[in-house]
Every structure is written in C-alpha cells, then in structure tokens.
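Novice: Give me the fold of what follows.
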Amino acid sequence: MTYLRILFVAAIAFGAYTLGARAGRGRYRSIKKNAKKAWDTQGMRSARKTTKAGSRKLTRALAK
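Specialist: Predicted structure coming up:
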C-alpha cells in the first residue's frame, strides 16, 4: 500500500510538471500553488507520516 502512495505522489508531480510546461508560466504557478495547498492538507501529512514510518520499518528489516 505504501508503494502505491509513493507512486501516486510521483504521478501527480509528473502531471503537474507536464501541464505546467505546456500551459505557460502563469498556469504553472497556479498548479504549483494548488499542489502546495494539497501537500499541506491533513490527509497528505498523515500519508507522509505513514510512508515515512513504513520506509523506516522496511529499512530496519532489510538491514538485519
């Protein structure tokens, strides 16, 4: 499940970059502003926290 979240965030970042590149600087800034707003929502903070904890757990398991 964690892998899917990381993939989802990467897909959004790629989409925002692509749309911004095609739409021009003004639209890019708008997309960037909205992406930052979405990044700072409670749901995304929770997902980042969960992903971070999962990656630490996986790293520890792989290190053993």
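Novice: tell me which helix or strand of the chain sits lowest on mean pLDDT?
Specialist: helix 2-23 (a mean of 80; mean pLDDT, DSSP states H and E).
Novice: Render the CA-only coordinates of the following helix or strand past it in PDB, please.
Specialist: Beyond helix 2-23 in the direction of the C-terminus, DSSP states H and E gives the next helix or strand as helix 25-39. What follows is helix 25-39, C-alpha atoms only, in PDB (Å, rounded to 0.1, in the frame of the first residue of the first chain):
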ATOM      1  CA  ARG A  25       4.400  30.200 -16.600                       C
ATOM      2  CA  GLY A  26       1.200  31.600 -15.200                       C
ATOM      3  CA  ARG A  27      -0.600  28.300 -15.300                       C
ATOM      4  CA  TYR A  28       2.500  26.600 -13.800                       C
ATOM      5  CA  ARG A  29       2.400  28.900 -10.800                       C
ATOM      6  CA  SER A  30      -1.300  28.200 -10.300                       C
ATOM      7  CA  ILE A  31      -0.700  24.400 -10.500                       C
ATOM      8  CA  LYS A  32       2.300  24.800  -8.100                       C
ATOM      9  CA  LYS A  33       0.200  26.800  -5.600                       C
ATOM     10  CA  ASN A  34      -2.600  24.200  -5.700                       C
ATOM     11  CA  ALA A  35      -0.200  21.300  -5.300                       C
ATOM     12  CA  LYS A  36       1.400  23.000  -2.300                       C
ATOM     13  CA  LYS A  37      -2.000  23.500  -0.800                       C
ATOM     14  CA  ALA A  38      -2.800  19.800  -1.400                       C
ATOM     15  CA  TRP A  39       0.600  18.800   0.000                       C
END
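Novice: quick check: angle from helix 25-39 to helix 2-23?
Specialist: 160 degrees (axes from the mean of the first three to the mean of the last three CA atoms, to 10 degrees).
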